[in-house]
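>>> next come a sequence and a model predicted from it.
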Amino acid sequence: AMAILKAETAKLGAPKVEGTVPTADKTTPGLYFGSTKVNNDFTIVDKVKAEAGGTASLFVKSGDEYVRVSTNVPGSVQGRAQGTILDPKGKAILNVNKGEAFYGEVDILGKPYVTGYDPIKDASGKVIGIWYVGYEK
């Protein structure tokens with residue numbers, strides 16, 4: 001699932017953040033791959049789900065938080081957890097903030113998942129977001 005998610009975004013171009021975009025009840029940075037903005041666009045995450053099952057998300061770094069800007073994790077915005085944040089006290093954020101991937105079991109919005117989180121870095125190597133895939137346990 002992670003390989004599909006990364007390959008699909010790589011087809012669009014290099015990752016970058018630009019401007020701001022309304023995402024659910026927040027305003028977040030715009031997350032782009034090449035010239036394609038992925039905020040509020042579910043094409044890629046839904047393709048991952050169709051091909052590999054489970055759930056997928058793209059997060060953008062907004063201040064100290066990581067916000068789901070494209071997701072199929074179940075939630076309250078059109079059935080998606082759009083605009084929700086990565087658990088600031090969770091295991092994954094520690095690795096991501098160090099620029100490292102995290103693979104393991106985490107609680108997502110009250111349910112246990114087996115997950116992978118991999119930092120999205122811009123051309124300068126700065127972490128600007130997260131690729132996420134997971135399967136409910």
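The structure has been received and is ready for your questions. Numbering: from 1, shown residues only.
>>> secondary structure class for K6?
helix (DSSP: H, G, I helix; E, B strand; the rest coil).
>>> if I pick it, what's in contact with it?
118, 131 (Cβ atoms under 8 Å, 6 or more residues apart in numbering). The C-beta positions use only the backbone N, C-alpha and C, and glycine is treated the same way.
>>> ok, now how distant is it from I85?
Using Cβ to Cβ, to the nearest Å, we find K6 at a distance of 22 Å from I85.
>>> in the chain, which residue is closest to the centre?
Nearest to the mean C-alpha position of the chain, by Cα atoms, centre = their mean, lies L58 at 2.2 Å.
>>> list the contacts for the nearest residue to that residue once chain neighbours are set aside?
Spatial nearest neighbour of L58, excluding adjacent residues (Cβ to Cβ, 6 or more residues apart in numbering): S70 at 4.3 Å. Each residue near S70 by Cβ under 8 Å, 6+ apart is listed here: 31, 38-42, 44-45, 57-58, 82.
>>> measure S70 to K137 for me?
Per Cβ to Cβ, S70 is found 23 Å from K137.
>>> over to L31?
From L31 over to K137 (counting by Cβ to Cβ), the distance is 28 Å.
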